[in-house]
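Engineer: the sequence and its predicted three-dimensional model are supplied below.
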Amino acid sequence: MNGQGITGRAADTKTKHGFTLIELLVVISIIALLIAILLPALGMARQAANKMNNQTRLRGIHQGIVMHGSENNGRFVGLHPNGKVITDDDDGWGWMGSYGVDPANRYRILMRGKYFSPEYLVSPVDQDKEVWDESSDLTLDNYSFALLNIGVHGVGDWWDPRPLPRGEAEWKDTLNGEAPMISDRAVIDTRDGNYQGSPWVPDAEDNDDWEGGVAWNDNHVTFENNVEVDKTRYGDQANEIDHLFLDEENPGATNENDMTGLNAHMVYRTD
């Protein structure tokens, strides 16, 4: 009888192990609280990783441009060794063309030379782009980044009407840490008037909300939270505040021939 009593009490003791409903709710609440704390931190970590990845791509593109320049008398892609703009697809001289001005064409030249892989041309947060395939033509769908505008600002001597680049002062290997050369895009689509801003602010309606990466001519890269950057210099022209996508020296300019080339003016497309 005593043995049965002991066995019964042992059995009763075993059945008392487990969580009550209140304990389960407390555990669930703690887990939910931890998730609420960790999710923003994970999002920030993902954002930081994307920014670092983006900076790596911008730096890699600039390094490719510099390597191309080392084989081109120090002149960067889109220019001939003497500093004149490439005028046609065959890198010939031509007379009226400005093939080297278009960023897509400059990227095509870099891709042909295999100065970096096509993955570098697409921002890690740009969901609208596809990595370029060698079997197809390189288009706006294959790159995320704007380049310094080297559109013509005039012509050469009377005997040489080929275009002179407006960004000639810095579109070469100057190691100038105050000259932006490449950036995340920002452009008004001239075909339908829609704003196509930085992939970092996909819902922005104008440049006021722009942010993105910028590669400078000494190969350092920054992430800017404003479309205006401090202290740029192009040749002998110093600028205290410089809008990355406008020519402030002639802000009403709509024609490349009227632009000065004395400040940052990134271009993503030329049509």
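Structural biologist: Yep, that arrived.

Engineer: for Glu211, give me phi and psi.
Structural biologist: Backbone torsions for Glu211, taken as degrees, to the nearest 10, come to phi -150, psi 150.

Engineer: Ala238 now?
Structural biologist: phi -100, psi 140.

Engineer: check Ala146 too.
Structural biologist: According to degrees, to the nearest 10, Ala146 has phi -90, psi 150.

Engineer: from what I can see it touches Tyr268, true?
Structural biologist: Yes: counting by Cβ atoms under 8 Å, Tyr268 is a contact partner of Ala146 at 4.1 Å. Glycine gets a C-beta too; all of them are placed from N, C-alpha and C.

Engineer: higher neighbour count, these two?
Structural biologist: Ala146 (25 against 21; other Cβ atoms under 10 Å).

Engineer: beta partners of the more buried one?
Structural biologist: Ser183 (DSSP bridges).

Engineer: how about the strands of the stretch 151-271 of the chain, start to end?
Structural biologist: 152-155, 163-165, 180-184, 187-188, 195-196, 212-216, 221-224, 228-234, 237-243, 266-267 (DSSP state E, counting those that start in this stretch).

Engineer: nearest to Asp128, out of these?
Structural biologist: strand 195-196 (8.8 Å; Cβ to Cβ).

Engineer: can you tell me which of the strands of the stretch 151-271 of the chain is nearest to Trp132?
Structural biologist: strand 180-184 (16.7 Å).

Engineer: got the angle for the closest one vs strand 212-216?
Structural biologist: Strand 180-184 runs at 160 degrees relative to strand 212-216, counting by axes from the mean of the first three to the mean of the last three Cα atoms, to 10 degrees.

Engineer: now for the chain, the helix or strand with the poorest mean pLDDT.
Structural biologist: strand 152-155 (a mean of 49; mean pLDDT, DSSP states H and E).

Engineer: still on that earlier bit, got the strands of the stretch 151-271 of the chain as CSV, with mean neighbour count and distance to Ala104 columns?
Structural biologist: Output for those, formatted as CSV (neighbours: other Cβ atoms under 10 Å; distance: least, Cβ to Cβ, whole Å):
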stretch, mean neighbour count, distance to Ala104
strand 152-155, 16, 17
strand 163-165, 23, 17
strand 180-184, 26, 14
strand 187-188, 16, 13
strand 195-196, 16, 15
strand 212-216, 25, 18
strand 221-224, 17, 22
strand 228-234, 18, 23
strand 237-243, 16, 23
strand 266-267, 22, 11
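
Engineer: closest to Leu110 out of those strands?
Structural biologist: Using Cβ to Cβ and comparing those, the one that lies nearest Leu110 is strand 180-184, at 11.5 Å.

Engineer: may I have that closest one as CSV, with CA atoms only?
Structural biologist: Extracted in CSV, the C-alpha atoms of strand 180-184 (Å, rounded to 0.1, in the frame of the first residue of the first chain):
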residue,chain,number,x,y,z
PRO,A,180,32.9,64.1,-58.8
MET,A,181,33.2,61.7,-61.8
ILE,A,182,30.5,59.0,-61.4
SER,A,183,27.2,59.0,-59.3
ASP,A,184,24.0,57.2,-58.8
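
Engineer: ok, and the closest non-adjacent residue to the residue nearest the centre of the chain?
Structural biologist: Computing the C-alpha centroid of the chain and ranking residues by Cα atoms, centre = their mean puts Asp184 first, at 2.9 Å. Using Cβ to Cβ, 6 or more residues apart in numbering and skipping residues adjacent in sequence, the residue nearest Asp184 is Gly212, 2.8 Å away.
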